[in-house]
Structure formats: structure tokens, C-alpha cells
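>>> Give me a model of this one.
(one chain, ligands or ions: 1)
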Amino acid sequence: MRYSLASLLLNAFSGQSRWSPAWRNPEPAAHYDVVIVGGGGHGLATAHYLAKHHDVGRIAVLEKGYVGSGNVGRNTTIIRSNYLLPGNTAFYELSLKLWEGLEQDINFNAMVSQRGVLNLCHTDAQRDAYVRRGNAMRLNGVDAELLDADQVRAFVPFFNFDNARFPIKGGLLQKRGGTVRHDAVAWGYARAADRQGVDIIQHCEVTGLRIDKGKVTGVETTKGFIGAGKVALAGAGHSSRLAAMAGMRLPIESHVLQAFVSEALKPMIDTVVTFGAGHFYVSQSDKGGLVFGGDIDGYNSYAQRGNLPVVEDVMESAMALWPALGRVRLLRSWGGVMDMSMDGSPIIDKTPVGNLYLNAGWCYGGFKATPGSGYCFAHLIANDQPHPVADRLRLDRFARGALIDEKGVGAQPNLH
Ligand SMILES: Cc1cc2nc3c(=O)[nH]c(=O)nc-3n(C[C@H](O)[C@H](O)[C@H](O)COP(=O)(O)OP(=O)(O)OC[C@H]3O[C@@H](n4cnc5c(N)ncnc54)[C@H](O)[C@@H]3O)c2cc1C
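As a prediction, this is how the structure comes out:
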């Protein structure tokens, strides 16, 4: 059923009894032309764009949990394309453009809200860095505005502007950035892919890859062997484990990242703000909770829960920026497993194993990339050629020394 005003009215007057399930729950077939491992945002988006734009035959998405149980339903929902480096700029801008048309494309209300993303600066050097970043963005056709302290104050007057250690000197604003309801993205892509014939198979864990004469021929799963012409890995925090099934060691470490939500409050902040003197960012959800997060926990883990030192670190930053938060109660927190690549940028590439493709290394910024990643990964799987905007996101860039190190800290995902 297509979602529309007519379908809303029809159901309103028929006891909400005519809705059909958003997607089917099929048993796996013996063979697919493309098997995507991982039913997170990236795997489902890949399935949608593959089915929509490429004639590749039968497609399945295999998910070990349920749709939305991974990072796609655990992130802090921020989207933006305020990147500096070639390799990232065009890719993330493509993704933001796809967000802008997403709800029409998949016929699903994902609550795309372009409320702006404002990065605060607290030193002259930081402002210089934002000038450089903003200029690079504008040269690439991406919107960026540099704000002085008074302009920031007009946006968010309640922050601590005159903090002795971290005075707010200005900020870099991307107005087209914002938030999207994360689990609606998973549901929307799942429904759209399903409507185009993709089999989404939940509670089906891939436990091994069958490789014959250097080519992948299928996957071993908890529901038995499934043959595949092509296998595409989109396991996010579990990428290293999936790659190990093909004997590959990735330049990736898995780390926990936590997020926090406060009790519901009246509207206080209508944009997304990042603190520039510590790892802290905040926005307000439509339910009223302040949503905020900080840095990774800093040790390798596959647990979807974090530790108290990072909670303290995030709360300290929150208090430095916005002292009134001290009166607010924290409602809940959770963690997700991040696939931290060694330069902080993702990988969308073929692997040395024939017909095996890899989508990984999204670190703590892969939600915003969901549409772009799915679009470019689908292009790669269908054509065996990288999409032009993703042609630097290659696996061999680490061996070639062609890193895309946006943060400029080198291969140190542990570094705070
Ligand atoms: C707390 C937190 C805050 C974040 N905030 C932001 C943000 O504000 N903005 C942003 O851009 N990014 C953010 N991120 C990062 C973002 O969520 C991830 O980079 C992105 O969601 C990863 O891609 P995905 O959606 O495909 O991952 P997932 O949803 O994790 O999908 C991977 C799927 O693969 C499945 N899987 C793994 N192994 C197997 C197997 N063997 N067999 C079958 N299935 C398997 C998993 O169950 C999982 O469902 C945040 C992440 C966290 C945890």
C-alpha cells in the first residue's frame, strides 16, 4: 500500500484495519544474485538503490537481529556535509542531496529536519580552521556560513559565552544540515526495498563465507547455506568479523560510542550544536528530549553498552557549554559498536576475493552517509566500478598512503 492522504483517510474510517505489513517476512531462497550482509541503514539503502537503479536480479538482505537493531537505530540522528577533504566533500554532499529527496523517493516520513548544524569555535586558531573548511565547502558548492559571537548568540543565547577557558568566538553553520529520525530511515528503506522484491531476512546470522577458487559463492547462515552471485558486506561495527570470514584483516577497530537523552523539555534549542573545546554535541528531539553524545569509549569492544568515565566526560563538556543543563535529569543512555577506520573515513570497495564487496569504516559518522553509501555501494556492486564520488574511498588507500584524514590525527582511533 502506498502511503498517502487517501490511505490515511481510508484507514481512519475503517478502524485502521487495512494497513498491510511494512515488509514481508520471507524464508530465504536457495540462491540470490546479490546477498547483502547487514540490515542496517547502509545494507537496506544499498538494496533499495540496487533494486531501483540496477538490473541485478534477485536480492536478499540478511540481518542477524531485526531491522534497526544496530547503529542505524542507535545514533544521534545528525546529518551534514561539512567536510574539508577531497574524497569526502562530494560524497557527503551527494548523501545530503539524497536526504533532501528521500521521503518522496521511499514514500515514508523520515522526519528529515534541516534545522542547521553549528560548530562552535573557542580560539582564533579554531576559527581559522573553520574559515578554511567553510571556504572548501563553498568551493565545492556546499552551503557554509561563518558566524561571529553575536550571530551565534542570536541562535543560542543561553550558552556560556564568557566561559573563562572556552569563550565562544563564533561558529561555522551549515543550514542544510540537521536531523532525521533514525529508525524511520531503517523502516523506510526496508519497506521500499521490499516493495521492489528484495527479500529482507531477519534473525539470519551469516556465520561463514563459502569461497571457491578465489570467488565467493555464497554464505553460511543460521538458516542454512544461501548461494550468491555476489556478496556485499555492510556489517558496520562487525565488519572486521565478517571480513575475517574471507581471511581478510581490515584497517578497522571496533569501539563503543554512547548517546544520551534527557527528560522531555519544552522547545529550547532548534538547531544542532557541537562544542569546540571538548567532544560534546546537542540537539532536541521532537519529543522534547535533549539528545547528546561525545567521544568513543576508547577501548576495543563489541558490547552495545558503555562505561562511566565517558559519561562523566560528556557531562563535563555539557556543563562547560550550557550550565543550565545541570538542572536537567538524564533519562537514558545506550551504546553502539563503531567500525573505526584508521583515517576516520569509510571504505566502499571491491575486495581481493572475487564478487565480494565491502562497505565499512563509518566510524561515528555513518548515519548521515546512509543514502550516499547505499547509492554508491549499489553502483559498485552492479558495475564493478566505483561511483565517481566514492572513488577515493578505496581499501588500498592505507597501503598507498592516500589517507583521507579529516581530523588530522593519523591512525589513532583511541586518541581523545
Ligand atoms: C551512539 C551513536 C551515535 C551516533 N551518532 C551519529 C550521528 O549523529 N550522525 C551520524 O552520521 N552517525 C552517527 N553514528 C554512526 C552511525 O550510526 C553508523 O556509522 C551507521 O549507522 C553504520 O551503518 P549501519 O546503519 O548500516 O549500521 P548498523 O545499523 O549497525 O547495521 C549493521 C547491521 O549488520 C548486522 N550484522 C552484523 N554482523 C552480521 C552477521 N554476521 N550476519 C548478519 N547480520 C550482521 C548487525 O546486526 C546490524 O544490524 C552514531 C553511532 C552511535 C552508536
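>>> all helices of the stretch 301-416 of the chain, in order?
Taking DSSP state H, counting those that start in this stretch as the test, the helices found in the stretch 301-416 of the chain are 308-321, 370-383, 397-400.
>>> between the ones you listed, which one is nearest to the ligand?
Among the helices of the stretch 301-416 of the chain, the nearest to the ligand by C-beta to the nearest ligand atom is helix 370-383 (6.1 Å). All C-beta spots, glycine's among them, are computed from the backbone N, C-alpha and C.
>>> tell me which residues in that closest one are buried?
Of the residues in helix 370-383, those buried under the neighbour-count criterion (16 or more other C-beta atoms under 10 Å) are 370-382.
>>> Pipe the helices of the stretch 301-416 of the chain into CSV and attach distance to Ser14 and mean pLDDT per row.
Converted to CSV, these look like this (distance: least, C-beta to C-beta, whole Å; pLDDT from 0 to 100):
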stretch, distance to Ser14, mean pLDDT
helix 308-321, 47, 95
helix 370-383, 34, 98
helix 397-400, 56, 93
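>>> Excluding chain neighbours, give the residue nearest to Ala382 in space.
For Ala382, ignoring the flanking residues on the chain, the nearest one in space by C-beta to C-beta, 6 or more residues apart in numbering is His54 at 3.6 Å.
>>> From Leu393, how far off is that neighbour?
In this structure, His54 lies at 19 Å from Leu393, with C-beta to C-beta, to the nearest Å as the measure.
>>> So which of the two has more stuff around it?
Taking neighbours as other C-beta atoms under 10 Å, His54 and Leu393 compare with Leu393 leading, 26 against 15.
>>> Near the ligand, which residues of the chain? Just list them.
If contacts are counted using C-beta under 6 Å from any ligand atom, the residues of the chain sitting beside the ligand are 37-43, 62-65, 69-72, 74-78, 205-206, 234-238, 242, 257-259, 293, 336, 362, 364-368.
>>> of the residues you listed, buried ones?
Applying 16+ other C-beta under 10 Å to the residues of the chain next to the ligand, the neighbour count classes 37-43, 62-64, 69-72, 74-78, 206, 234-238, 242, 257-259, 293, 336, 362, 364-368 as buried.
>>> Which residues does stretch 377-389 contact?
When contacts are defined by C-beta atoms under 8 Å, 6 or more residues apart in numbering, stretch 377-389 is touched by residues 34, 42, 46, 49-50, 53-56, 90-91, 94, 230, 232, 234, 348-350, 357, 359, 372, 375-376, 390, 393-394.
>>> Buried ones among the residues you listed?
Using 16+ other C-beta under 10 Å, the buried members of the contacts of stretch 377-389 are 34, 42, 46, 49-50, 56, 90-91, 94, 230, 232, 234, 348-350, 357, 359, 372, 375-376, 390, 393-394.
>>> quick revisit: nearest to Arg2, out of the helices of the stretch 301-416 of the chain?
Ranking the helices of the stretch 301-416 of the chain by proximity to Arg2 (C-beta to C-beta) places helix 370-383 first, at 20.5 Å.
>>> For the ligand, what's the nearest residue on the protein?
Of the residues in the chain, the one nearest the ligand is Gly40, at a distance of 1.8 Å by C-beta to the nearest ligand atom.
>>> ok, that residue - contacts?
Under the criterion of C-beta under 8 Å, 6+ apart, the contact partners of Gly40 comprise 63, 70-72, 186, 234-236.
>>> Put together a markdown table for the residues you listed, with secondary structure on each row.
Converted to a markdown table, the contacts of Gly40 look like this (DSSP: H, G, I helix; E, B strand; the rest coil):
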| residue | secondary structure |
| --- | --- |
| Glu63 | coil |
| Gly70 | coil |
| Asn71 | helix |
| Val72 | helix |
| Ala186 | helix |
| Ala234 | coil |
| Gly235 | coil |
| Ala236 | helix |
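>>> Which pair of those spans the longest distance?
Greatest spatial distance among these (C-beta to C-beta): Ala186 and Gly235, at 14.7 Å.
>>> would you list the buried residues of helix 370-383 in CSV and tack on distance to Gly326?
As requested, the buried residues of helix 370-383 are exported to CSV (distance: C-beta to C-beta, whole Å):
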residue, distance to Gly326
Thr370, 35
Pro371, 38
Gly372, 38
Ser373, 38
Gly374, 41
Tyr375, 43
Cys376, 44
Phe377, 44
Ala378, 47
His379, 49
Leu380, 48
Ile381, 50
Ala382, 53
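>>> Just to be sure, which of the buried ones among the contacts of stretch 377-389 are found in strands?
Taking DSSP state E as the definition of strands, those contribute 34, 230, 232, 348-350, 357, 359.
>>> rewinding a little: Asn11: which of the helices of the stretch 301-416 of the chain is closest?
The minimum distance between Asn11 and the helices of the stretch 301-416 of the chain falls on helix 370-383, with 28.5 Å, by C-beta to C-beta.
>>> Now do that closest one against strand 356-360, angle only.
Orientation check (axes from the mean of the first three to the mean of the last three C-alpha atoms, to 10 degrees): helix 370-383 against strand 356-360 gives 170 degrees.
>>> Convert the C-alpha atoms of helix 370-383 to CSV, please.
Presented in CSV, the C-alpha positions along helix 370-383 are these (Å, rounded to 0.1, in the frame of the first residue of the first chain):
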residue,chain,number,x,y,z
THR,A,370,23.4,6.3,4.7
PRO,A,371,21.8,7.3,1.4
GLY,A,372,25.1,8.2,-0.3
SER,A,373,26.7,5.0,0.9
GLY,A,374,23.8,2.8,-0.4
TYR,A,375,23.7,4.7,-3.7
CYS,A,376,27.5,4.3,-4.3
PHE,A,377,27.7,0.8,-3.0
ALA,A,378,24.8,-0.3,-5.3
HIS,A,379,26.7,1.3,-8.2
LEU,A,380,29.9,-0.6,-7.3
ILE,A,381,28.1,-3.9,-7.0
ALA,A,382,26.2,-3.5,-10.2
ASN,A,383,29.0,-2.1,-12.4
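>>> Give me the distance from that helix to the chain's centre.
On the basis of C-alpha atoms, centre = their mean, to the nearest Å, helix 370-383 sits 14 Å off its chain's mean C-alpha point.
>>> Repeat that for stretch 394-411.
Relative to the chain's own centre, stretch 394-411 is displaced by 20 Å; criterion: C-alpha atoms, centre = their mean.
>>> Next: stretch 253-265.
For stretch 253-265, the distance from its own C-alpha centre to the chain's C-alpha centre is 14 Å (C-alpha atoms, centre = their mean).
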